[in-house]
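K.L.:
sequence? don't have it. structure:
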DNA sequence: TCGATTCGTTGAATCGATTCGGATCGAAGC
DNA sequence: GCTTCGATCCGAATCGATTCAACGAATCGA
C-alpha cells in the first residue's frame, strides 16, 4: 500500500510480468486466468493499492457509474424533505456501487446542469423540485439521457417518476376534517414563488383541496407560505385574523410547522381543542409537532430508493417503457385533529 | 441543437472540414485560429450542441474538475449544520465551475470512499465530521490527494482545514454567564457516540467548558445529548431533575434546541428569567429559538466557501504549505441570557 | 503420429480529447 | 527568382483501461 509512483494498469502488468490485458481480465473476471498468474497479479495489485482510473474506464466503457442529482439552487435553503431525498438517493446509489454528483440548478440554462448533461459525465439524472412545465425535462429528453423525476410534470406520460399524490391526500385530509364536523377549513400551501413557478405539489394540493371542499360543501381558504418557521408564524397570524371562523388547517408545508405552532401558542389556541391541524408532511415533522400531527407521512426513504431503481432500469434498458410510482400513504391518525368547535 | 448521432470532436471537425486539433484550439483558445474558421467551427458546435466528453478530457488532462465531499454515512440524518456545509460547498464549487461528488462514508474502509480516492475520480476531497484521530485523513495523506477538513484532527499541523473554535467560544459563553452571576452551569454536548468516537467539537467544547468553569470557580455539569429534538427534551428533563441548582445552559447541540425548549416550557421555566441558555449554533437556530438565543453564530457559508478556496490552492500548488482558518465569531447578545436567580 | 480442440495469454485497436512538432501557403525581403 | 518568416492548420502521439482476434502450448481422440 505504498505510493506507487505510477498506478496504471501497465505498471501492474510490468511488475507481474504479464500483459495489460491479463491484468484487466483478472480485475473483471470476464475471461479465465490461471490460478497461478491471477494470484501473482493480485499480489502486485494489493501491494501497490492499485485501482483502475475511473476516467479511463468511463471513456472506454461509455459508463461513468455516476448518477447526477439536480437539487434546487443553493442560496435557498433546502427543506428537510429535500435533504431527505438527497440522503436516500445517495445511500441507495451507494448500495449499487454508484456515485452521485450534485448539480444545483434551477433553470435549464445552468452551467453546472449543462456540463453534467452534455459532457456525459453521468449515466443518468435524478431531478428534484419539478415544475409542471420544466425546461430541464425537455432538455433531458432530447439528449436521450436516462432520467427520473421526483415529482412529475403536467404531462408525465412516458416519463420515469416518483411522486406523492398530494391532490388525493389533501382531499382525504379535508374529508377527515369534514367528518369531524369542520365547516371552515384552510390550506397552508408552499411559497408563493414556488406556486407561481408551477411547482406541482402546490398546484395539485390546491386542486385536491378545492375539489374536496366543494364536494363536502365547506368553505375553504388557501394561503401560500414561505418554507420556514418565521413565514409559518406570520402566515397563521394573518390567517386567524382574516378568517376567524376557520377551525381547521391542512398543510403540505412542513418547514412552516414550527412557526405555525408558535403562532397558535401565542394566540392561546390549543390543538386540537380550538383548532385542528393535518396535512402531508415527513413523518419526522409530524411526530415532532405538539401534539403529534395527524398526517400522511411522505415516505422519503422509499421514494429516493425507488427513484434510483427506476433510473437504473432506464439505464440498463433504454428502450423499455419508463416506470413510475405514485405514493399515497395512509393518513396516520395522531392527536392534532378533533371535532370542530366554535372559537 | 438536434441529436447529433455522434457528438465527439471528430464529428465536429468533419462537418467543419478541419482537423480535430483545430476544433480543440477553438474550444480552449490556446492557439490562434483564423477568424473565418473559428466562426465556421463555432457554428457547427452550436448547431449540434457539442460539448467535450468529460471522461476523455479528464483522462487526458489528469484533472476531473470535480471535488469529492465526504459526508456522514446515511441512515443517521444530517444535521442542519452539516446540510449547510454541503450546500455552501456545492455553491462555492459551482462558482469555480467545479462539480461535487458525494461520498457517504464513516470509516476508512468504505467502498465509496475508496473509489473516490484511489480511482482518481476527483481532484481533491473535503472531509466533514472529522474525528480527533481519523482514518480517512491518514489514508488521504498517503495517496497524496489534496484535501481539506471541516473540523480538525488532534494534530492538524501541516493539514488544510477550517474549524470553529469551540473551546474558546464555549469558554466565552461560560464567562458571560459567570459575569451575570451564574454559579451552577451545564453543558449540553453532542451525542455520546460522537464524543466517544473522538468527535472534535465535542471534546474541545468540553475542554473549554471545564477550564472556564474552573477559572471562574463555578460548578459545572456536562451531559451528552442526541442530535434531535426528542433527545434534547429528555436530556433537559433529566438535567433539571438531577441538578436543580443549575441556572444556565451552554450548548453546541443545535438540533436538540427545539426539544430543550419544549422541556423548559413543560417545566414551567421561562427563559431567561428562570434559566439562561447560550452556546454555539448556526444563526438560523439561534434566531428561531424563543427568545432569540444569545450565541456565537457559526458562519457556515463562509466556512464552506473557505474550504473550497483552500482546496483549490492545494490543488493548484501541491507543494505549498496548506492553509487553515479557525473561526471565532463573536457571541451575539440576544435575549436568552439574564442574571442568575434561584429557582 | 497428426490434426483438432481447449486453455491461457498476448498484441493491437479503440474510446474522445489535448498537445506538440511540423507542414503548408502566401507575403515580404534581398 | 529564391529564401525567409509569420500565420494557420494538420498528423500523430498520448492519457489508462477494455476487448477482440489470434497465437502458442498442452491435451485429446483417432
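P.N.:
Okay, I see it. All values derive from a computational prediction rather than experimental measurement. Numbering: from 1, shown residues only, chains lettered A, B, ... in the order given.

K.L.:
drop to CA atoms for contacts and neighbour counts, all remaining ones
P.N.:
Fine.

K.L.:
contacts for the strand or helix carrying residue A:177?
P.N.:
According to DSSP states H and E, residue A:177 maps onto helix A:166-179. Helix A:166-179 has contacts (C-alpha atoms under 8 Å, 6 or more residues apart in numbering or on different chains) with A:185, A:201, A:204-209, A:211-213, A:216, A:218, A:248, A:250-251, A:278-280, A:295-296, A:328-329, A:331, A:337.

K.L.:
what does stretch A:99-116 give?
P.N.:
The contact list for stretch A:99-116 (C-alpha under 8 Å, 6+ apart) reads A:65-74, A:90, A:93, A:121-122, A:135-136, A:139, B:51, B:90-91, B:94, B:97-103, B:112.

K.L.:
Got a PyMOL select line for the buried ones in the residues you listed?
P.N.:
One line in PyMOL is enough to select the buried ones among these; burial here means 16 or more other C-alpha atoms under 10 Å in any protein chain shown:
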select buried, (chain A and resi 65+66+67+68+69+70+71+72+73+74+90+93+121+122+136) or (chain B and resi 51+90+91+94+98+99+100+101+102+103+112)
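
K.L.:
List the ones among the contacts of stretch A:99-116 that fall in helices.
P.N.:
Residues of the contacts of stretch A:99-116 located in helices (DSSP state H): A:90, A:93, A:135, A:136, A:139, B:90, B:91, B:94, B:112.

K.L.:
if we can go back for a sec, out of the contacts of helix A:166-179, which end up buried?
P.N.:
With burial judged by 16+ other C-alpha under 10 Å, the buried subset of the contacts of helix A:166-179 is A:185, A:201, A:204-209, A:211-213, A:218, A:248, A:250-251, A:278-280, A:295-296, A:328, A:331, A:337.

K.L.:
Go through these and flag which are in strands.
P.N.:
Mapping the buried ones among the contacts of helix A:166-179 onto strands (DSSP state E) picks out A:185, A:248, A:250, A:251, A:278, A:279, A:280, A:295, A:296, A:331.

K.L.:
Identify the residue of the stretch 51-200 of chain A closest to DNA strand C, quick one.
P.N.:
Proximity to DNA strand C, evaluated over the stretch 51-200 of chain A using C-alpha to the nearest atom of the strand, is greatest for residue A:60 at 3.4 Å.

K.L.:
Against chain B, how distant is that residue?
P.N.:
Distance of residue A:60 to chain B, given as C-alpha to the nearest C-alpha, to the nearest Å: 9 Å.

K.L.:
Could you pull up the residues touching residue A:219?
P.N.:
Residues near residue A:219 by C-alpha under 8 Å, 6+ apart: A:183, A:184, A:185, A:213.

K.L.:
For the first one, give me its contacts.
P.N.:
Right, the one you point to is residue A:183. Neighbours of residue A:183 in contact, by C-alpha under 8 Å, 6+ apart: A:217, A:218, A:219, A:246, A:247, A:340.

K.L.:
I'd like those as TSV, with pLDDT appended.
P.N.:
Listed next are these as TSV, based on pLDDT from 0 to 100:
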residue	pLDDT
A:217	96
A:218	97
A:219	97
A:246	96
A:247	96
A:340	88
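
K.L.:
Briefly note if stretch A:224-232 comes near chain B.
P.N.:
Yes - Stretch A:224-232 lies within reach of chain B by C-alpha under 8 Å from any C-alpha of the partner chain, at A:229, A:230.

K.L.:
what distance separates that stretch from the centre of its chain?
P.N.:
On the basis of C-alpha atoms, centre = their mean, to the nearest Å, stretch A:224-232 sits 20 Å off its chain's mean C-alpha point.

K.L.:
With stretch A:116-131 instead?
P.N.:
Centre to centre, stretch against its chain (C-alpha atoms, centre = their mean), the figure for stretch A:116-131 is 14 Å.

K.L.:
and it, what's its mean pLDDT?
P.N.:
Mean pLDDT, computed over stretch A:116-131, is 95.

K.L.:
ranges for the helices of chain A?
P.N.:
With DSSP H, the ranges of helices along chain A come out as A:9-16, A:20-28, A:35-48, A:54-61, A:80-95, A:111-118, A:135-143, A:166-179, A:192-196, A:200-216, A:229-242, A:257-266, A:283-288, A:300-316.

K.L.:
name the helices or strands packed onto the shortest one?
P.N.:
Right, the one you point to is helix A:192-196. Applying 3 or more C-alpha pairs under 8 Å, 6 or more residues apart in numbering or on different chains; DSSP states H and E, we find helix A:192-196 packed against helix A:200-216.

K.L.:
could you say what helices and strands the helix it packs on packs with?
P.N.:
Secondary-structure packing of helix A:200-216 (3+ C-alpha pairs under 8 Å, 6+ apart): helix A:166-179, helix A:192-196, strand A:219-223.

K.L.:
that older thread, make JSON lines out of the contacts of residue A:183 and add distance to residue A:228.
P.N.:
Output for these, formatted as JSON lines (distance: C-alpha to C-alpha, whole Å):
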{"residue": "A:217", "distance to residue A:228": "32"}
{"residue": "A:218", "distance to residue A:228": "29"}
{"residue": "A:219", "distance to residue A:228": "27"}
{"residue": "A:246", "distance to residue A:228": "22"}
{"residue": "A:247", "distance to residue A:228": "23"}
{"residue": "A:340", "distance to residue A:228": "28"}
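
K.L.:
just those residues now: which is nearest chain B?
P.N.:
Ranked by distance to chain B (C-alpha to the nearest C-alpha), these are led by residue A:247 at 24.7 Å.

K.L.:
Which residue, other than its chain neighbours, is closest to that closest one?
P.N.:
Take residue A:247 and drop its neighbours on the chain: the residue closest to it by C-alpha to C-alpha, 6 or more residues apart in numbering or on different chains is residue A:275, 5.0 Å away.
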